[in-house]
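Undergrad: Requesting a structural model of the entry that follows:
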Amino acid sequence: IIFDYVKQQGLLTEGDMKPFREVLSNPLPVVFRVSVLEGVVPGYLKHQLTNWRTFLMSEEAQRPAEPEPTSDPMEPERPPEAIVTPIKLEPPRPLDWTPGERIWYFEDSRRAVRKLPALQRFKAFLERETNAGHIVRQEAVSMLPPLLLGVRAGHRVLDMCAAPGSKTTQLLEDIVSTAGDGEARMEVSGLVVANDVDKGRACLLAARVKKLLVPSVVVTTHGGQQLPFPDGFFDRVLCDAPCTGDGTVRKSPKLKWRSARGVPTACLQTELCLHSLRLTAVGGLTSYSTCSMNPVEDEAVVAEVLRRCGDSVEIVDTSDWFPEVTRRPGIPRWKVEDVDFPGVFYDSSEAVPEARRWRMPALCFHNGRSNKEGGHDLRRCWRLFPHLQNTGGFFIALLRKKAPLPPGSLDNIPAPPDVFGSEKAKLLQKERAAEAEEGAKKGAGAEDGEAVDLQDEAADTEDVEDRYVPLLQSEQGRAVWATISEFYDIDESFPTAQLLVRSKACCNINFVSRDVSRALETMEKEVTGRNAGAPESSVVSAGIRLFVSCSASSATAGVNTRIAGLAGAEVLAQYMQRNRLDVARNDLICLFKQQRHMAGELGDAMPTVAEKIGTVACSSTCVLVCSNTGTGRPICVPVYKGVSGNLSVLVKPANAVVIMEALEHGGDSV
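TA: Below you'll find the predicted structure:
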């Protein structure tokens, strides 16, 4: 159906149609992005990937496993050459249109994975690093909108339809990686607000961004039209709008699709794109994108937005950007399928019978609006077809806001017509709800199937209805902080205004960046100033967890809380005077080799650590700081000392293994 539609619309030339048809029947390649936020890890991972690339090109790696010998006398003996015939592999390689070998590409052959033990080990390596958050599985073309936005430190960024979060993590990495040399990761300016209308997907999104250990992020759950921010608040807005998804057919071959489904979707997409521009600052950029090849969801939406906004918005000329990316320009004319009569298409809204035009909104048609030049030229949009560079289908328009939107530009957007009839719509909604529930059970992001560990996120999202409030706002919070700061001897310069809590017990304490703190205040003011009945602010998570609640038996200094993970340790290490121990790299490697160390074994394995840990009180948490990592940035590891003096490393095993291996390979020498 999709092939016939593309041909009928003339979206591709005759010479493109054969390779387009062929590529649709093949699975997508594996594409992943190396996180740049994990200290020694990125250099180590790139070193490992280079080694894997070399190895997978070798004859040894391409030799299939020998089949198990058979005891069946009736089965003929196979010649040796039939057993050891190599399977040629296309090894992983960095994409040539991304800087710094950040994004890697790998042709995934299911037959090769089944036959080659070496490839199975490589896939296991990728899975381990994905679960640890060190790499992100993501379709290649979906990485382009964040790259086109050119996000930098200091930018306030909105990801309006963010779940499952791959683009959000990319935006966060861009903010942190472009900070100045003297700007610590925990103090970097700028922020990302990641929003999704579905609360369940927003919780999955929160679980994903949590792995980056960055305090410059807020996850919210709102309709994109109702986000509680003032006009022009953001420097960059990414609107990756919900769509019919025909561009994902290689990933979802059983996709039920019809081009008329784009008609009601286009109404919602137009509304979301207009609100994205409303929230964009004058001079700022908005990226509108879909994983659809349907012009009704692509050029029609952009043309309607430009019609409503006039000269206040333009399509940015990106013709000389990323020349390595093969794409086609946007199209000026298209046909729209009747929502009630499959196979019937119209060139313009005037061609629709007058009595039924309410079912076919005029915004879906070009109606002569598309023959524009300059900033309103639809040919400035990007169309990315699957066969051009072995990707999914995608559409991107980069929009610049030149002036405030004209009055009334967001008014009277047509309501989406019910394409399928009420009963079919209910059935479709039920099917989608079941799919979402199944995805949540698997903990899988819809974009790339990454497994998300929700166990540690439960404490962050169980009380999502409660507002974040400053820790020191309540008497209980001030008492908790006084006890904690006295126990760890925390310097008075610590930015306590950036500590937030949700519960009255004040045991789970979050740390946010200054910009996130200000953004939350802005949201509260915006909600307070709205009319009665307007939706309240709903924040799923903010920043990073600094202290986490624990059982009374593990309590520190009478407070049922302990330092939470690598991020919490990194923030506190620069302010705490007590329970902060400097250790050598070899000691840290030895510590990571196992998660738990008995008190009697420390003296033999790590005498320096054993001597220093003796000054730490039992039933308390300390932070081990290793400055000699080879990256110019220390690693701070939280360790719990139990009643008997045993040590427990408070780092997830998957993360600990990779950090240990990276340290063993010498940090910057890899």
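Undergrad: C-alpha only now, for contacts and for neighbours.
TA: Noted.
Undergrad: The residue lying closest to K641 once chain neighbours are set aside: neighbour count?
TA: Nearest residue to K641, sequence neighbours excluded (Cα to Cα, 6 or more residues apart in numbering): L647, at 4.8 Å. Around L647 there are 22 other residues, counting by other Cα atoms under 10 Å.
Undergrad: I'd say L647 and A599 touch.
TA: Yes: taking contacts as Cα atoms under 8 Å, L647 lies within contact range of A599: 7.1 Å.
Undergrad: Can you list the buried residues in stretch 398-407?
TA: Counting neighbours by 16 or more other Cα atoms under 10 Å, one finds that the buried residues in stretch 398-407 are L398, L399, R400, K401, P404, L405.
Undergrad: distance of the nearest residue to the fourth one once chain neighbours are set aside from H376?
TA: Read that as K401. Nearest residue to K401 in three dimensions, chain neighbours excluded: V313, at 4.7 Å (Cα to Cα, 6+ apart). The gap separating V313 from H376 is 8 Å, by Cα to Cα, to the nearest Å.
Undergrad: and what of N508?
TA: According to Cα to Cα, N508 stands 50 Å off from H376.
Undergrad: What average pLDDT does the strand or helix carrying L398 get?
TA: Per DSSP states H and E: L398 is located in strand 394-401. Mean per-residue pLDDT for strand 394-401: 98.
Undergrad: Could I get the CA-only coordinates of it as CSV?
TA: What follows is strand 394-401 as a C-alpha-only set of coordinates in CSV (Å, rounded to 0.1, in the frame of the first residue of the first chain):
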residue,chain,number,x,y,z
PHE,A,394,11.5,10.7,7.7
PHE,A,395,10.5,14.4,7.2
ILE,A,396,12.1,17.5,8.7
ALA,A,397,11.4,21.2,8.4
LEU,A,398,13.6,23.6,10.4
LEU,A,399,11.7,26.8,11.2
ARG,A,400,13.0,30.1,12.4
LYS,A,401,10.8,32.5,14.4
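Undergrad: Provide the strand pairings for it, with the direction of each partner.
TA: strand 280-290 (antiparallel), strand 313-315 (antiparallel), strand 382-384 (antiparallel) (DSSP bridges).
Undergrad: Need these in TSV (columns: mean neighbour count and distance to Q577).
TA: Output for the strands paired with strand 394-401, formatted as TSV (neighbours: other Cα atoms under 10 Å; distance: least, Cα to Cα, whole Å):
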stretch	mean neighbour count	distance to Q577
strand 280-290	25	43
strand 313-315	24	53
strand 382-384	25	54
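Undergrad: residues touching A584, list them.
TA: C626, S627, N628 (Cα atoms under 8 Å, 6 or more residues apart in numbering).
Undergrad: Check F32 too.
TA: With contacts defined as Cα under 8 Å, 6+ apart, F32 is in contact with I103, W104, Y105, I135, V136, R137, Q138, E139, A140.
Undergrad: Now the fifth one: phi and psi?
TA: In this case it means V136. Dihedral pair for V136: phi -120, psi 120, per degrees, to the nearest 10.
Undergrad: What of the first one?
TA: Backbone torsions of I103, given as degrees, to the nearest 10, read phi -120, psi 130.
Undergrad: other SSEs contacting the helix or strand where D587 lies?
TA: Here D587, judged by DSSP H and E, is contained in helix 585-592. Under the contact criterion of 3 or more Cα pairs under 8 Å, 6 or more residues apart in numbering; DSSP states H and E, helix 585-592 touches helix 653-664.
Undergrad: ok and the helix it packs on relative to helix 585-592, angle-wise?
TA: For helix 653-664 against helix 585-592, the angle by axes from the mean of the first three to the mean of the last three Cα atoms, to 10 degrees is 160 degrees.
Undergrad: how far out from the middle of the chain is helix 653-664?
TA: On the basis of Cα atoms, centre = their mean, to the nearest Å, helix 653-664 is displaced by 23 Å from the centre of the chain it belongs to.
Undergrad: before we move on, what about stretch 241-249?
TA: Distance of stretch 241-249 from the chain centroid (Cα atoms, centre = their mean) equals 18 Å.
Undergrad: ends of that stretch, how far apart?
TA: One end of stretch 241-249 to the other measures 17 Å (Cα to Cα).
Undergrad: For the residue lying closest to E129 once chain neighbours are set aside, which residues are in contact?
TA: Spatial nearest neighbour of E129, excluding adjacent residues (Cα to Cα, 6+ apart): I135 at 5.7 Å. Taking Cα under 8 Å, 6+ apart, we find I135 in contact with F32, R33, V34, S35, L126, E129.
Undergrad: Looking at the residues you listed, which is nearest R356?
TA: F32 (46.8 Å; Cα to Cα).
Undergrad: Please pull up the helix or strand immediately following the helix or strand where that closest one lies.
TA: F32 belongs to strand 30-34 when elements are defined using DSSP H and E. Per DSSP H and E, the first helix or strand lying C-terminal to strand 30-34 is helix 41-56.
Undergrad: thinking again about what came up before, can you say which two of the contacts of I135 are spatially most distant?
TA: Spatially, the most separated pair among the contacts of I135 is S35 and L126, at 12.9 Å (Cα to Cα).
Undergrad: Those two: who's more crowded?
TA: Under the criterion of other Cα under 10 Å, the comparison of S35 against L126 puts S35 first, with 22 against 18.
Undergrad: hang on, the more buried one packs against H134?
TA: Yes: counting by Cα under 8 Å, H134 is a contact partner of S35 at 5.4 Å.
Undergrad: follow-up on the earlier one: what bridges to the residue nearest to K641?
TA: Bridge pairing for L647 - DSSP bridges - gives H597, K641.
Undergrad: Helix or strand with the lowest mean pLDDT in this structure?
TA: Using mean pLDDT, DSSP states H and E, helix 458-461 stands out as the lowest-scoring helix or strand of the chain, at a mean of 42.
Undergrad: From the contact counts, what lies against the helix or strand following that helix?
TA: Downstream of helix 458-461, the first helix or strand assigned by DSSP H and E is strand 469-470. When contacts are defined as 3+ Cα pairs under 8 Å, 6+ apart, strand 469-470 sits against strand 499-501.
Undergrad: and the strand it packs on, how far out from the chain's middle?
TA: 24 Å.
Undergrad: Contacts for that strand next, please.
TA: Strand 499-501 has contacts (Cα under 8 Å, 6+ apart) with Y468, V469, P470, L471, L472, C507, N508, I509, N510, F511, V512.
Undergrad: Determine which two of the residues you listed are furthest apart.
TA: Farthest pair in these (Cα to Cα) is C507 and V512. Separation: 16.0 Å.
Undergrad: Compare these two and say which is more crowded by neighbours.
TA: Of the pair C507 and V512, V512 is the one with more neighbours under other Cα under 10 Å, namely 27 against 22.
Undergrad: how about L116, what does it touch?
TA: Neighbour list for L116: A61, Q62, R63, P64, A65 [criterion: Cα under 8 Å, 6+ apart].
Undergrad: The first one: helix or strand, and which one exactly?
TA: Mapping A61 onto the secondary structure by DSSP H and E places it in no helix or strand at all.
Undergrad: For P91, see how far away it is.
TA: In terms of Cα to Cα, A61 sits 10 Å off from P91.
Undergrad: Equivalent analysis for P146, please.
TA: From P146 across to P91, the span is 27 Å (Cα to Cα).
Undergrad: With H134 instead?
TA: The spacing between H134 and P91, counted by Cα to Cα, is 20 Å.
Undergrad: nearest residue to V649 other than its sequence neighbours?
TA: Nearest non-adjacent residue to V649 (Cα to Cα, 6+ apart): V639, at 4.6 Å.
Undergrad: Now the common contact residues for V313 and H376.
TA: Here V313 and H376 share the contacting residues L306, scored by Cα under 8 Å, 6+ apart.
Undergrad: so where's the stretch 101-250 of the chain shaky on pLDDT?
TA: For the stretch 101-250 of the chain, applying pLDDT under 70 flags the ranges 108-114, 181-185.
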